[in-house]
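Colleague: Got a sequence here, can you model it:
(chains A and B)
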2 protein chains.
Amino acid sequence: MPRYRIHIEYDGGPFVGWQAQANGPSVQSALEDAIFRFCGEQVRVQGAGRTDAGVHAEGQVAHLDLRRARLPKTLRDAVNHHLGRLPVSVLTAEETGPDFHARFSATGRAYRYRILNRRAPPALDRGRVWHVGTPLDAGAMDKGAKRLLGRHDFSSFRSSECQAPSPLRTLDRLDVRREDEEVVLYAEARSFLHHQMRIIAGTLREVGIGKRTPDDISAALKAGARAAAGPTAPPYGLCLTHVHY
Amino acid sequence: MPRYRIHIEYDGGPFVGWQAQANGPSVQSALEDAIFRFCGEQVRVQGAGRTDAGVHAEGQVAHLDLRRARLPKTLRDAVNHHLGRLPVSVLTAEETGPDFHARFSATGRAYRYRILNRRAPPALDRGRVWHVGTPLDAGAMDKGAKRLLGRHDFSSFRSSECQAPSPLRTLDRLDVRREDEEVVLYAEARSFLHHQMRIIAGTLREVGIGKRTPDDISAALKAGARAAAGPTAPPYGLCLTHVHY
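Modeller: Presented below is the predicted three-dimensional model:
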């Protein structure tokens, strides 16, 4: 069975998340349905990252197996056609070997979290940015961010519903930068815990408004309890930008 | 009566355009309604540019007169509050003199037209870009664009419904640049004719795919007839970025 690797962009807004669930439309099901309408094959589309409800992706990667071989560009165009008005788009498709696994072969994931930091709410970027009207000190946020780099027990920064067997993760990059009216977080790790990026964003916002110091970030990490970190930032500021292999 | 100058951002998608019309919701009416809900005054909000249905703005400017003076920042925040879920946002408000007129004092308008030039349709920028799947030669488009610079009779590049008394306009800037997956047009003029930017975008697309040469653009301009130019590009790729005074 030929295996295909696809690169996908989506607006997470109308979905319950990447993963197929009983309680609403998922990106995974939207793709599987479109493939079925294209060629009549019922396949499982295996994604690299299981993004939450409302989280966007411009760099999601997935693989799927077809019984009958298709030209990758035909697969891409046909799936996009059958996705219709849904805000999901297959950017590229290529044939890959049977050893490639979108999730298990991945060596890193990169996420971006956008905060619109101005008084007026967003009109054009609504649903793409978290609006924080209070001025943020991006320099202090970046200092706090640096306390999270490296291998740590991230128990304070994962959802109470996180099902990962271990809270240990290695954060390879966490930069906070002001870009005009936005404060943007860039993060990279082999993998992330459930809500990890959103809790990091919510906690660093508290550094940005002066409610916490960078030292408090180290203390929150050391505490090893969810209550020690800040609130979970909303999903729509977050975007899966890249998966490394 | 104190006069206020406001800077507005909006998503043109759900509106019939800037200008109040009987056939649906306009940006102008949305602002006037929000001001009425804030202070009970029925005012006219005079905009600098009357954008078409579906056209966006990140730099619209308008003025309005209130009978009772208000703090500009209170006006801004209260109007944003009363705009509620509508994708319109007042970015700044300031008091201005009685001589300032958003439309007649303006010395220039700047527009941007975004073309997403890749095979796959947009998921994240849907409604913000014109999707052109055929590869475009942005260099040729820029050469064609340069033929339109300066003062000309733009009869070929205005809607048959354009009500401007003269088809003469002076185009001060028209650059076409490739920016990653996009081809972006930047234009500046004292004022534009109805559909002028969209007809320019639709005609330059034909240069980009090799259907017209830059010389053909000069010929289309000289013809002085709407039929000599290309089709009108869709509104949602267009954004009013700045108004100069």
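Colleague: hey, let's count contacts and neighbours off CA atoms from now on
Modeller: Noted.
Colleague: can you confirm A:Ser29 is in a helix?
Modeller: Yes: judged by DSSP: H, G, I helix; E, B strand; the rest coil, A:Ser29 forms part of a helix.
Colleague: number of nearby residues for it?
Modeller: A:Ser29: 19 surrounding residues under other CA atoms under 10 Å in any protein chain shown.
Colleague: now A:Lys73
Modeller: Neighbours of A:Lys73 (other CA under 10 Å): 15.
Colleague: Which neighbouring elements make contact with the helix or strand where it lies?
Modeller: In the assignment (DSSP states H and E), A:Lys73 maps to helix A:72-83. Applying 3 or more CA pairs under 8 Å, 6 or more residues apart in numbering or on different chains; DSSP states H and E, one finds that helix A:72-83 contacts helix A:27-39, strand A:88-96.
Colleague: and A:Gly24, what is it in contact with?
Modeller: Contacts of A:Gly24 were listed using CA atoms under 8 Å, 6 or more residues apart in numbering or on different chains, and they are A:Phe15, A:Val16.
Colleague: and if we set it to 10 Å?
Modeller: By CA atoms under 10 Å, 6 or more residues apart in numbering or on different chains, the contact list for A:Gly24 reads A:Pro14, A:Phe15, A:Val16, A:Gly17.
Colleague: among those residues, who's most crowded?
Modeller: Most neighbours among the contacts of A:Gly24, by other CA under 10 Å: A:Phe15, with 24 neighbours.
Colleague: thinking again about what came up before, which one of the helices and strands packed on helix A:72-83 lies closest to chain B?
Modeller: Judged by CA to the nearest CA, the one of the helices and strands packed on helix A:72-83 that comes nearest to chain B is strand A:88-96, at 5.1 Å.
Colleague: got the residues of chain A near chain B?
Modeller: When proximity is defined as CA under 10 Å from any CA of the partner chain, chain A approaches chain B at A:8-12, A:56-58, A:73, A:76-77, A:80-81, A:85-92, A:118-126, A:128.
Colleague: Can I get the buried ones among these as something I can paste into PyMOL?
Modeller: In PyMOL syntax, the buried subset of these is picked out as below (16 or more other CA atoms under 10 Å in any protein chain shown):
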select buried, chain A and resi 8+9+10+11+12+56+57+58+76+77+80+81+86+87+88+89+90+91+92+118+119+120+121+122+123+124+125+126+128
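Colleague: Just the helices from chain A, written as ranges.
Modeller: Per DSSP state H, chain A carries helices over the ranges A:27-39, A:72-83, A:138-146, A:196-208, A:214-223.
Colleague: Report the inter-axis angle for the fourth one versus helix A:138-146.
Modeller: What that stands for is helix A:196-208. Calculated by axes from the mean of the first three to the mean of the last three CA atoms, to 10 degrees, helix A:196-208 forms an angle of 130 degrees with helix A:138-146.
Colleague: Can you name every helix or strand that helix A:196-208 contacts?
Modeller: Secondary-structure packing of helix A:196-208 (3 or more CA pairs under 10 Å, 6 or more residues apart in numbering or on different chains; DSSP states H and E): strand A:108-116, helix A:138-146, strand A:168-179, strand A:182-189, helix A:214-223, strand A:238-244.
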